[in-house]
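In: pasted the sequence and its predicted model underneath.
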Amino acid sequence: MRIGVAGVGRIGTFHAETLRGHPAVESVIVADADRRRAHEVAATLSVAVAESPAALLAQGIDALVIAAATAAHPDLIMHGMDAGLPVFCEKPVASDLGGTLAVLRRASEASAPVQIGFQRRFDSGYAAARSAVQSGSLGWLHTLRATTLDPAPPPAEYIATSGGLFRDCGVHDFDAIRWVTGREVVEVYAVGANRGADYFREAGDVDTMSAVLTMDDAAIAVVSDSRYNAAGYDVRLELLGSADSISVGLDGRVPLRSAEPGITFPPGPPYPQFFERFGNAYRAELAAFVTIAADGGTSPCTIQDALEASYIAEACELSRARRAPVLVAEVCQ
């Protein structure tokens, strides 16, 4: 199998290296809007290079992996679908709901699957939590607590085009909550704050947020995210039920110290970045994509899934602006 990778920044390069080592992948071809970067990555990984992301489609590839800038996602996804190729694309599908819906409409006419990159669905902890919910061992859930804390903020140029903390970061928590519980979010109340760099405020964004989500079964989920967590990269999900409670991400490298005397947990160094925390999940989601591309099957994370998570993010942004609860149905198109 020949797989093209469009976009070779940090995550695109990681994907290209992962695919290069997959036994079912015969060759990898990379491309980037920055041709110099594409050639440098190709030389480092000893893979082929195309002169532009669009040129990948003329290389006789069997599947397309998209890790380019968000603005390029819709066109690349649709070009891949028009060519009959299985497509994997990092989230988000598009920078806005209109773009996402346009891609979704086109996908309804396509024959090949499209998989969106929400890697937490392939993390062993999140998968175990989903199994626990499905088994009924937790009883009925009354509270969920999710958090995504970055050790340091991205640069200003990234924030300016990121879509904001709810759409760029919180959307992972929203998707994980939907996937783990199998339930939908019906109402949100969200707040945000800026106590760090001025460029967040200048971009209309926040560097810290909290959101209370009401699920369709009346369970309550609390999501807390921040760009400032110098202790390390911290991603967790707690599920509190009537019969039992569990936590995802509470391992020996969680960047959280106990204030209790004599408690030394966690023993290991904290996760410095998302690659260390989710490396295995990224590899697993690409392995799933390769299998689907080779043998067919259903996408484990569809465009519709990504749209549902985006609806929650949009509702949160609207709630933050209004300083009031918002029904998710209000933003659905």
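Out: Good, I have the coordinates. Numbering: from 1, shown residues only.
In: drop to CA atoms for contacts and neighbour counts, all remaining ones
Out: Fine.
In: the longest helix in the chain is where?
Out: helix 274-295 (DSSP state H).
In: start and end of stretch 213-220, how far apart?
Out: Terminal residues of stretch 213-220 lie 6 Å apart, using C-alpha to C-alpha, to the nearest Å.
In: again, but for stretch 71-91
Out: The straight-line separation of the ends of stretch 71-91 (C-alpha to C-alpha) is 11 Å.
In: starting at the chain centroid, how far to it?
Out: Relative to its chain's centre, stretch 71-91 lies at 17 Å (C-alpha atoms, centre = their mean, to the nearest Å).
In: next SSE after the longest helix of the chain?
Out: helix 303-322 (DSSP states H and E).
In: flag every buried residue along that next one.
Out: Buried residues in helix 303-322, counting neighbours by 16 or more other C-alpha atoms under 10 Å, are found at 303-320.
In: neighbours around residue 260, how many?
Out: For residue 260, the tally of surrounding residues (other C-alpha atoms under 10 Å) stands at 7.
In: got the confidence number for it?
Out: At residue 260, the predicted lDDT confidence score is 96.
In: measure it to residue 238 for me?
Out: The span separating residue 260 from residue 238 equals 21 Å under the rule C-alpha to C-alpha.
In: what of residue 154?
Out: 26 Å.
In: neighbour count for the two, which is higher?
Out: Neighbour tally, residue 154 and residue 238, criterion other C-alpha under 10 Å: the higher count belongs to residue 238, 19 against 12.
In: can you verify my assumption that the more buried one contacts residue 250?
Out: No: here residue 238 lies out of contact with residue 250, judged by C-alpha atoms under 8 Å, at a distance of 9.0 Å.
In: distance of residue 305 from residue 251?
Out: Between residue 305 and residue 251 the distance is 28 Å, computed by C-alpha to C-alpha.
In: likewise for residue 314?
Out: Separation of residue 314 from residue 251 (C-alpha to C-alpha): 32 Å.
In: what segments of the stretch 51-200 of the chain are strands?
Out: Along the stretch 51-200 of the chain, the segments classed as strands by DSSP state E, counting those that start in this stretch run 63-66, 87-90, 114-117, 141-149, 185-193.
In: mind putting those strands in CSV, distance to residue 325, mean pLDDT and mean neighbour count included?
Out: Output for the strands of the stretch 51-200 of the chain, formatted as CSV (distance: least, C-alpha to C-alpha, whole Å; pLDDT from 0 to 100; neighbours: other C-alpha atoms under 10 Å):
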stretch, distance to residue 325, mean pLDDT, mean neighbour count
strand 63-66, 35, 98, 27
strand 87-90, 30, 98, 24
strand 114-117, 29, 98, 26
strand 141-149, 18, 98, 20
strand 185-193, 4, 98, 22
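In: would you turn the ones you listed into a markdown table with distance to residue 289?
Out: As requested, the strands of the stretch 51-200 of the chain are arranged in a markdown table below (distance: least, C-alpha to C-alpha, whole Å):
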| stretch | distance to residue 289 |
| --- | --- |
| strand 63-66 | 9 |
| strand 87-90 | 7 |
| strand 114-117 | 7 |
| strand 141-149 | 25 |
| strand 185-193 | 27 |
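In: of all the ones you listed, which lies closest to residue 290?
Out: Between residue 290 and the strands of the stretch 51-200 of the chain, the shortest separation by C-alpha to C-alpha is 8.3 Å, and it involves strand 63-66.
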